[in-house]
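Engineer: Generate coordinates for the sequence data below:
(chains A and B)
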Amino acid sequence: MPAHPFTFSRPEKLKSQIIIQQLFSSGKSQLAFPFRMVWTENTNPQSPAQVQVSVSVSTRNFKHAVDRNRIKRQMRECYRLNKQLLIDFLPPQHPQLAIMFIFVGKKHLPYKLLNRKLVELLTYLRQYYENR
RNA sequence: GCUACAAACUGUUCUAUCGCUGCCAAAUUUUUGGGAGAGGAAAGUCCGGGCAAUACAGAGCACCACACCACCUAACGGGUGGGAGCAAUAGCCGCAAGACUGUUGUUACAGCAAGUGCCACAGAAAAUAACCGCUAUCUAGCAAUAGAUACGCAUGGGUGAAAACGAACAAAACGUUCGCAUUGGUGCGGCAACGCACUAAGUUAGAAUAAACCUUGUGGAUUGAAAGACCAAAUACAUCGGCGCGUUGUACCGCAAGGUGCAACUGAGGGCUGCUCGUCCAAAUGUCGAGGGGUAGGUCGUUAGAGGUAAUUGGCAACAAGUAUCCUAGAUAAAUGAUAGAAACGACUGUAAACAGUACGUACAAAACCCGGCUUAUAGGUUUGUAGCCCUU
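Structural biologist: Below is the predicted model of the structure:
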């Protein structure tokens, strides 16, 4: 358990193109508007983190980079502040999780709503692994 | 003073909590402290250059770009200054066409006097022009007029963006005069584009069109940082080396040599461990080691540069020179933030005003190898210019 739990540093970011390809070809998916969560278990982890996360906003819905950046930053912030919901629960020997959050909304929404919906998704994921 | 337009400059600030990416210093193996962290366009990716790889004797064709002159620049299709054309406007000369001077705007501003194409609608006709008309001659007729002839006449009409360069006089007909385009000569001024003066020719060439083909001149290798250079796990593989590929029994197949299965022994070697012991795994298409190319991944390229800021000097200016001073982002599924509160400025409402209130607004927009431009977007504020309106003198 790190001293400051609300971090989001490099090992926690999902970057590998190969894992992301796996994610979309064989991952499971859950929708909670305006988010769509795709996740999978990574059996060959490259980093020590238990969960790797990435966020995405489509160019089709948001033409300007400014808008995409802002939404992505807010999504990362939501995850950073709420990730303990999931990580505290997972046992240490559990395989690494790779998660991608995709913003599927067409316009910008208030932060409080984004926060609530992301908590919803994390809670869903937690229950999914509890019931197995 | 207000409004509109154009250009230039500027383009929010602070606090708290929790974070992100480099750097520096401690501590030392993941913590602590310090300090840094988007733009005028970072955008569009439209030009030019650096840089890199590949290609390259030389020449031509094709293709693409550019096109008044001089200068600036690393270079440019960029910039500065100048010239010319065109348009508008004011003044002035002229009967008119048109000329001159000033101001403003504008031009892809070499060639249609090499060839080809095209020229809507209207109109007889849109480029070997004869519809109406006109002239001459002949015929008919008293005459008005009608008809015929001329390879007759571009001079009047209407159409059109344009009608055979334009105008005056005239339908005067192989016109006269004037003006302008164009072509040439001489002199003067200017680096040059070009200008001024004098002078000759002057309807020829449609005084249309080249952001029509084209012609002439000049320039241009191709691909872009996902360029390119280097390091390189695991797994698999080319290659090389060490050790090993054994013994016994039994069953089956086979004429035989031999092969296959099962069991036991041996144990090259490996795992567990810091080492030994121990224990487990392990047998022939084996195992251990070396090893090259090379994948994931990483490092460099990569942020000190045609750099910024001052005043000085030279230049009308773009810009240049030396001097002083400053160091100012470096991510890579891509950091530079999120949330809360306050302030400032503005808007609206109330009010004479101060001021108060507000679920109000604070633009355009995010670096991605680096520079120089161009183009486009931009709330609010400041300055300058132009135009209009109102007030005062």
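Engineer: Please, which helix or strand holds the closest residue to A:Tyr111 other than its chain neighbours?
Structural biologist: With C-beta to C-beta, 6 or more residues apart in numbering as the measure, A:Gln74 is the residue that lies nearest to A:Tyr111, at 5.6 Å, once sequence neighbours are left out. Quick note: C-beta positions are derived from backbone N, CA and C, even for glycine. Assigned by DSSP states H and E, A:Gln74 falls within helix A:65-82.
Engineer: and that helix, which residues are buried?
Structural biologist: Of the residues in helix A:65-82, those with enough neighbours to count as buried (16 or more other C-beta atoms under 10 Å) are A:68, A:71-72, A:74-80, A:82.
Engineer: restrict those residues to those near RNA strand B?
Structural biologist: Counting by C-beta under 7 Å from any atom of the strand, the subset of these that neighbours RNA strand B consists of A:72, A:74, A:77, A:80.
Engineer: from these, which two are the most distant?
Structural biologist: Looking at these by C-beta to C-beta, the two members farthest from one another are A:Lys72 and A:Arg80, with 12.4 Å of separation.
Engineer: how far off helix A:65-82 does the helix ranked longest in chain A point, in degrees?
Structural biologist: Of all the elements of type helix in chain A, the one with the most residues (DSSP state H) is helix A:111-130. Calculated by axes from the mean of the first three to the mean of the last three C-alpha atoms, to 10 degrees, helix A:111-130 forms an angle of 50 degrees with helix A:65-82.
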